[in-house]
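1. fold the following.
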Amino acid sequence: MTDIVLIHGAYQGSWIWKLVAERLRAKGHNVLTPSLDGCGERASQLRAGITTETHGEEIAKLLFFHDLKNAVLVGTSSGGMVMACAAETARERVGRVVFADALALFNGEKIRDIVKRPAAINTPLAIGPSREDAAGRLFADLEPAQREWAADRITLHPEAVFTQPVKLERFWDQPWDADVLYCSRAPNPGEAHIRRSADKLKARWHVIDTGHYPMLSTPDELTRIIAGA
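-> As a prediction, the model looks like this:
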């Protein structure tokens, strides 16, 4: 049995991992799928001061309080940065990291350096797509029923996660057992960005012919990579 923590990306919550979590648990793994502060079912907690670093600290505390050791952390989209922050903070509790079509910024970079498309909704605290934008663009390659299911669950994401530079003073200089997955139909964060992280980490390289949400479109393939099969 392996302890696995699945970390969602922007506009998401724990719900995005439903299919993959079910498959991993069926294989006997202990799987945690937290919704980050201000996200998913915790969207009502949205407030100023939520950053990539506070999200990373949240995951580091989860590892501590659940007394996880040698855990596999999986981050997708902006969750890749949360994963890196948590792994840097709780290095002794992390056995492997998996970047699943994830942002992998170096210290001092910010998401808006990489993903520049403006959001449909902008508030002083959060940004995100409208439901129509999510269904017609973000989830456009999903089957209709699944597209509607996902679009019903999107929430806005803390604005500072996109606009504030990340603080990663040690992550990229440490050795990691790492897997990096590129989704070839996803325009962002893009192959060049993802290959950069794979090269830096000397990671195992994976490609899935799908869009940016492999946990919904190709859960079996993503489960296999996470499980190390």
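2. every contact and neighbour count from this point should use C-alpha atoms.
-> Fine.
3. so which residues make contact with stretch 56-67?
-> Identification of contacts with stretch 56-67 by C-alpha atoms under 8 Å, 6 or more residues apart in numbering yields 36, 69, 81-87, 89-90, 93.
4. 6 Å - rerun?
-> For stretch 56-67, the external contacting residues (C-alpha atoms under 6 Å, 6 or more residues apart in numbering) are 82, 85-86, 90.
5. distance between that stretch and the chain's centre?
-> Chain-centre distance of stretch 56-67: 16 Å, with C-alpha atoms, centre = their mean, to the nearest Å.
6. quick check: mean pLDDT across that stretch?
-> Stretch 56-67 comes out with an average pLDDT of 98.
7. highest neighbour count among the contacts of stretch 56-67?
-> residue 82 (32 neighbours; other C-alpha atoms under 10 Å).
8. tell me where the chain has strands.
-> 3-7, 30-32, 71-77, 94-102, 121-122, 126-128, 157-158, 178-183, 204-208 (DSSP state E).
9. number of residues surrounding residue 145?
-> So residue 145, with other C-alpha under 10 Å, has 8 neighbours.
10. quick one: contacts for it?
-> Residue 145 makes no contacts at all, as judged by C-alpha under 6 Å, 6+ apart.
11. need the pLDDT of it.
-> The model's pLDDT for residue 145 equals 96.
12. equivalent analysis for the one 4 residues further on, please.
-> According to the prediction, residue 149 has pLDDT 97.
13. what does residue 120 give?
-> 89.
14. may I ask you to name the longest helix in the chain?
-> helix 52-65 (DSSP state H).
15. which parts of that one are buried?
-> For helix 52-65, the neighbour count (16 or more other C-alpha atoms under 10 Å) marks 52-60, 62-63 as buried.
16. can you show me the CA trace of it as PDB?
-> Provided in PDB are the C-alpha atoms of helix 52-65 (Å, rounded to 0.1, in the frame of the first residue of the first chain):
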ATOM      1  CA  THR A  52       0.600  29.100  -3.500                       C
ATOM      2  CA  GLU A  53       2.700  29.000  -0.300                       C
ATOM      3  CA  THR A  54      -0.300  28.900   2.100                       C
ATOM      4  CA  HIS A  55      -1.700  26.100   0.000                       C
ATOM      5  CA  GLY A  56       1.600  24.300   0.100                       C
ATOM      6  CA  GLU A  57       1.800  24.700   3.900                       C
ATOM      7  CA  GLU A  58      -1.700  23.100   4.000                       C
ATOM      8  CA  ILE A  59      -0.500  20.000   2.300                       C
ATOM      9  CA  ALA A  60       2.600  19.800   4.400                       C
ATOM     10  CA  LYS A  61       0.500  19.900   7.500                       C
ATOM     11  CA  LEU A  62      -1.800  17.200   6.100                       C
ATOM     12  CA  LEU A  63       1.300  15.000   5.700                       C
ATOM     13  CA  PHE A  64       2.200  15.700   9.300                       C
ATOM     14  CA  PHE A  65      -1.200  15.200  10.900                       C
END
